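A structural model of the following input is requested.
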Amino acid sequence: MATTFAPAIEAVPILSGGKWSELKSTCSSEIFNPSTGKVIARVPFATAEETGQVVDAAAAALPAWAETPVVERARLMFRFRALLEQHFEELAALVTREHGKTLAEARAEVNRGIEVVEYACGIPSLITGEVLPNIAADVDAEAVRHPVGVCVGITPYNFPFMVPLWMFPIALTCGNTFVLKPSEKVPLSAIRTAELLVEAGVPAGVFNVVHGDRECVDALLDHPKVAAVSFVGSTAIAKYIYERGTAAGKRVQSAGGAKNHLVVMPDADMDQTVKQLAASAYGCAGQRCMAGSVAVAVGKAGDPVVEGLVEYAGKFRVGPTDGNEEVDMGPVIRAEHRDKVASYLDVAKSDGANIALDGRRDFQSEGFLLGPCVVDRVTPSMRVWKEEIFGPVLSVVRVADLDEAIAVGDQCEYGNGAVIFTRSGYAARQFKRHFNAGMIGINVGVPAPMAWFPFTGWNRSFFGDLHIQGTESIQFYTRQKVTLTRWPKADDSHLDPVWRQSRS
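Next up, the predicted model:
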């Protein structure tokens, strides 16, 4: 099988109709290595017209792909998975290079992405329809799933490999064609993933990649040949994507931001809890929508939580991650983002909070580094509690009991995840039944579901109906057709008498 590769990456190419090409746009963005602060590539932005041409290529490939037997579509994913495993370390290193994750975090991301491909390999079973014979006298009913059409994925910078794989493996195996618009900050993982999918044998036009800013996004949202849009990003943009996409008649699943609460009961194993809190808050430098943002310390848990975090996280080795496995936490995505995250420490202090651990220091590096931060004595009236910071800042709210902790969660406009650390079955049950979030962890620091379960954000953490991942993703990328059938008994009086007698 011939292999098609993207051109050497200086200006990042697009993939349209099975062909790689470099846009000649004068509007572009620089791609940085966050560990060094150096520019490593440039990504030209597609105009609305160029974006439309990519959608047209996907639409042209749709009829043949939709008619491809589902078993053949599954076999494409089996071949794709084998290539991802073969290039596992390369892909993890690429995530580290363009995003800044530690290599261990990048490997975990690649693993989670591959899990969705494995889930998609089971599509012949997942997409099976339903039949009910004799639903009425001599009438049979059947419901079968059909592809929805051209699907679009608009993905964020924080998981450059995994989040696209939340989307297109399911969309493709359901018989749709796909256009991926990765974050302009981290397009290199998407390009390499597309190369491997082409090597696996995806037909021309079935999978496409385009880059751009708002002009490109709006063109995707408005294009009449686009049927469905999947998005992950900030709440403000998620709301915009949902409203504009649905106004154009498309089905949209739009995952937004978060402010995840981690409740610590006095009976929790404090040593293990502190480690889980730190992993949740500071993993991936806090740049994930399931990161712990607020530790809610119940009763006498307050002082041990803060003291434990300051001692444990204060020893984190923070530094460049590209080619270096001897660090616990890497950089954030950009210098301006580092400065914005750090500014919340001054805001919190002016609002009356206590900065128990300040991660600002001279790291002797040009990378975009900020150490773990702990802000104590936070209240729900403060900006540091209300706003999504998306960095290594953990706020600590102190409450008297579990009811008050649940009440704090009720005030939060987001609703992605929440965790409780406790030995009490009663407390755990009350928490999972009543806390205001769609994904719950009990003694689990990051309650992000694996591929077989939906990513069920609530409130302003999600706009839409059917969530990403799990069986809801199958429902999102398909539409049902119901057929009622009656076959009346044939009148065979006109047939040859000898033949009629042979039937009796």
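
going by C-alpha atoms from here, please, whenever you check contacts or count neighbours.
Fine.

show the backbone phi and psi for Leu23.
Note on Leu23: backbone dihedrals following degrees, to the nearest 10 are phi -70, psi 150.

so it versus Ser16, what's the distance?
Counting by C-alpha to C-alpha, to the nearest Å, the gap from Leu23 to Ser16 is 11 Å.

and those two? which has more neighbours close in?
Legend: neighbour count by other C-alpha atoms under 10 Å for Leu23 and Ser16, higher for Ser16 (24 against 20).

and that one, how far from Ala219?
On the measure of C-alpha to C-alpha, Ser16 and Ala219 end up 15 Å apart.

do the same with Phe453
For Phe453, the distance to Ala219 equals 31 Å [C-alpha to C-alpha].

next: Leu370.
Going from Leu370 to Ala219 by C-alpha to C-alpha gives 37 Å.

show me which of the two is the more surrounded one.
Neighbours per residue (other C-alpha under 10 Å) separate Leu370 from Ala219, with Leu370 holding more: 27 against 19.

pretty sure the more buried one contacts Lys340?
No. Leu370 lies out of contact with Lys340 (C-alpha atoms under 8 Å); the separation is 10.9 Å.

how many residues are close by Gln411?
Neighbourhood size, Gln411 [other C-alpha under 10 Å]: 12.

same question for the one 10 residues further on.
In terms of burial, Phe421 registers 27 neighbours under the definition other C-alpha under 10 Å.

which residues in the stretch 1-150 of the chain form strands?
In the stretch 1-150 of the chain, the segments counted as strands under DSSP state E, counting those that start in this stretch are 14-16, 19-21, 28-33, 38-44, 130-136, 139-147, 150-154.

of the ones you listed, flag the one that's most buried.
Highest mean neighbour count among the strands of the stretch 1-150 of the chain (mean count of other C-alpha atoms under 10 Å): strand 150-154, with a mean of 27.

and that one, how far from the chain's centre?
Counting by C-alpha atoms, centre = their mean, to the nearest Å, strand 150-154 is centred 13 Å from the centre of its parent chain.

now swap in stretch 292-299 and tell me
Per C-alpha atoms, centre = their mean, the displacement of stretch 292-299 from the mean C-alpha position of its chain is 25 Å.

list the buried residues for that stretch?
Within stretch 292-299, the residues that qualify as buried are Gly292, Ser293, Val294, Ala295, Val296, Ala297, Val298, counting by 16 or more other C-alpha atoms under 10 Å.

I'd like these as a markdown table, with distance to Ile237 and pLDDT appended.
Below are the buried residues of stretch 292-299 laid out as a markdown table (distance: C-alpha to C-alpha, whole Å; pLDDT from 0 to 100):
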| residue | distance to Ile237 | pLDDT |
| --- | --- | --- |
| Gly292 | 21 | 97 |
| Ser293 | 20 | 97 |
| Val294 | 23 | 98 |
| Ala295 | 27 | 98 |
| Val296 | 28 | 98 |
| Ala297 | 32 | 98 |
| Val298 | 34 | 98 |
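
so of these, which ones are in strands?
Secondary structure from DSSP state E places Gly292, Ser293, Val294, Ala295, Val296, Ala297, Val298 of those in strands.

now the residues you listed in CSV, with distance to Gly122?
Listed next are those as CSV, based on distance: C-alpha to C-alpha, whole Å:
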residue, distance to Gly122
Gly292, 33
Ser293, 36
Val294, 38
Ala295, 39
Val296, 40
Ala297, 43
Val298, 44
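
which one of these sits closest to Glu388?
For those, the closest approach to Glu388 (C-alpha to C-alpha) belongs to Ser293, at 8.1 Å.

ok, the closest one to Ala418 distance?
According to C-alpha to C-alpha, Ser293 and Ala418 sit 10 Å apart.

identify the contacts common to those two.
Asn260, His261, Leu262 (C-alpha atoms under 8 Å, 6 or more residues apart in numbering).

if I pick the residue most central in space within the chain, what's in contact with it?
The structure's the chain has its C-alpha centroid closest to Val163; by C-alpha atoms, centre = their mean the separation is 3.8 Å. By C-alpha under 8 Å, 6+ apart, Val163 lies in contact with Gly113, Thr155, Pro156, Val232.

so how far is Ala255 from it?
For Val163, the distance to Ala255 - C-alpha to C-alpha - is 11 Å.

identify the contacts common to these two.
Shared contacts of Val163 and Ala255 (C-alpha under 8 Å, 6+ apart): Val232.

where does pLDDT dip in the stretch 1-150 of the chain?
Low-confidence segments of the stretch 1-150 of the chain, defined by pLDDT under 70: 1-9.

show me the helices in it, by range?
For the stretch 1-150 of the chain, applying DSSP state H, counting those that start in this stretch gives helices covering 48-67, 70-86, 88-99, 103-121, 123-126.

orientation of the longest one relative to helix 70-86 in degrees?
Helix 48-67 runs at 120 degrees relative to helix 70-86, counting by axes from the mean of the first three to the mean of the last three C-alpha atoms, to 10 degrees.
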